[in-house]
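Engineer: What follows is a predicted structure for the sequence shown.
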There are 2 protein chains.
Amino acid sequence: MELLPIVQSFVLHFGEMGSRWGINRTVGQIYALLYVSPEPLCADQIVEALGVSRSNVSMGLRELQGWNLVLLKHLPDDRRDFFTTPDDVWQILRTLAEERKKREIDPTMTVLREILMQRPASETEQYAQSRMSDMYGLIEQLTNWYDDVKKLETDRLATLLALGAKVTRLLETKDKIVSFGKGRKSRRHEGEIE
Amino acid sequence: MELLPIVQSFVLHFGEMGSRWGINRTVGQIYALLYVSPEPLCADQIVEALGVSRSNVSMGLRELQGWNLVLLKHLPDDRRDFFTTPDDVWQILRTLAEERKKREIDPTMTVLREILMQRPASETEQYAQSRMSDMYGLIEQLTNWYDDVKKLETDRLATLLALGAKVTRLLETKDKIVSFGKGRKSRRHEGEIE
DNA sequence: CTGTAATTTCAGAAATTACTGAAAATTCAG
DNA sequence: CTGAATTTTCAGTAATTTCTGAAATTACAG
């Protein structure tokens, strides 16, 4: 692997962390490399940089495309495929969240829904269902929040994050302000405080 | 594996999903089983329920304890260890977030910090650093938000989630309300909107 | 078409990770 | 102490995942 030292440590770290996520070393390394490269890279450049086989790079890129984490580019008068990552890290975050939800959350929700449809045949099954229902409710709340928040443009999302828990404090003072919220219709949302 | 049908599908699903997370099948199954069991279980009961070896269960329980996801209980006049999961799903969520942060985020931040201390020796390294700095900034904002929010009790957290993106709309109206925020000191927080 | 460059596929090899059974260690009652 | 009950450790094996090289496919210029 012939890489600038700074890039190398980053790439190696992503390779190692890959396993703590669900991705393998090579995929992690490819992503890291593309992420810090000023120009799009073609497969052979990645092969050379990482010292892995051409076919491995091909499979890695394919996986990253499946995650929507890399972009395919073409240079004029060049038949090769070049790859980059999106520039906006917030967009990357959104993509990542979306894909992880799709792979890790949605299937579980489907299973839970199916199980919860069934009639419990015993005390124990009934208890099990109530636990699953708790889990279902929790995830549902989280994904509702996520659906709500994911549409926000970057600057608004940043604002929301910057506020953090201060929002709840802010809400406490709400009541003290006479005309607050006047003219808004539909105050009926789950968990809305009154 | 001798399990009630409802429990069985849940346990099997968690086993499969385990691989998409960073945990193995057995660990996923053990957790699922404990989660839906009305009473704490001892290792041998888990062995029987899941049909895996005693030593495998021992290692699985050990890993779950490392994640703080199971509780060890003792029954009077019984030397065996019994295990459960915490009741409160919100608490489970908090634990999970905490542990994942520890394992997946913190090491990356350390690496990024170290790399960003170094002097770039070329244009390319400089670009790489600026990308890493973007990533660092993003994660920092997210973890600041997380640190802020994680202390909230369950009901408040639920409130915050229920509000979701509506908070930003709420903030827009803020300016229109004359006395809002009066008497509060220190309005100086990163990203605070004015 | 034909030939070449680029990419993908895939069977098997290599590496990693998970699991088991036997042995060792721990715990505790008597 | 002794010894039975319980848990842990660990070397070896099984299972799974990752990676490679060779062959197949695709894409396209001439």
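Structural biologist: Structure's in. What do you need? Computed from a prediction, not measured in an experiment: that's the story for all the values here.

Engineer: Spell out the residue ranges of the helices in chain A.
Structural biologist: A:5-20, A:25-36, A:43-50, A:54-66, A:89-100, A:106-117, A:123-150, A:154-163, A:166-174 (DSSP state H).

Engineer: any bit of stretch A:57-74 sitting next to DNA strand D?
Structural biologist: Yes. Using Cβ under 7 Å from any atom of the strand, stretch A:57-74 comes into contact with DNA strand D via A:M59, A:G60. Yep, even glycine has a C-beta here, placed from its N, CA and C like the rest.

Engineer: Now do that stretch: everything it contacts.
Structural biologist: For stretch A:57-74, contacts defined as Cβ atoms under 8 Å, 6 or more residues apart in numbering or on different chains pick out A:23-24, A:26-27, A:30-31, A:34, A:40, A:43, A:46-47, A:50, A:81-86, A:92, A:95-96, A:98-99.

Engineer: Roughly how far does the single nearest residue of chain A relative to DNA strand D sit from chain B?
Structural biologist: Sorted by distance to DNA strand D under Cβ to the nearest atom of the strand, the residues of chain A start with A:S55, at 2.8 Å. The spacing between A:S55 and chain B, counted by Cβ to the nearest Cβ, to the nearest Å, is 23 Å.

Engineer: cool, A:S37 as well?
Structural biologist: For A:S37 relative to chain B (Cβ to the nearest Cβ), the value is 8 Å.

Engineer: That residue - how many residues pack around it?
Structural biologist: 20 (other Cβ atoms under 10 Å in any protein chain shown).

Engineer: Return the residues in contact with A:R113.
Structural biologist: So A:R113 contacts A:Y136 (Cβ under 8 Å, 6+ apart).

Engineer: Please read the previous query as pertaining to A:E16.
Structural biologist: A:E16 neighbours (Cβ under 8 Å, 6+ apart): A:R25, A:G28.

Engineer: now swap in A:I115 and tell me
Structural biologist: So A:I115 contacts A:Q129, A:M132, B:I6, B:S9, B:F10 (Cβ under 8 Å, 6+ apart).

Engineer: show me where pLDDT drops low in chain A?
Structural biologist: Across chain A, the ranges flagged by pLDDT under 70 are A:171-194.

Engineer: Nearest the middle, which residue of chain A would you pick?
Structural biologist: Nearest to the mean C-alpha position of chain A, counting by Cα atoms, centre = their mean, stands A:A97 at 1.7 Å.

Engineer: That one touches A:D147, doesn't it?
Structural biologist: No. Here A:A97 lies out of contact with A:D147, judged by Cβ atoms under 8 Å, at a distance of 10.7 Å.

Engineer: any idea how chain A splits into domains?
Structural biologist: Following the TED database, one gets these domains for chain A: A:5-84, A:89-181.

Engineer: Show me which of the ones you listed has the highest average neighbour count.
Structural biologist: Most buried of these, by mean neighbour count (mean count of other Cβ atoms under 10 Å in any protein chain shown): domain A:5-84, with a mean of 18.
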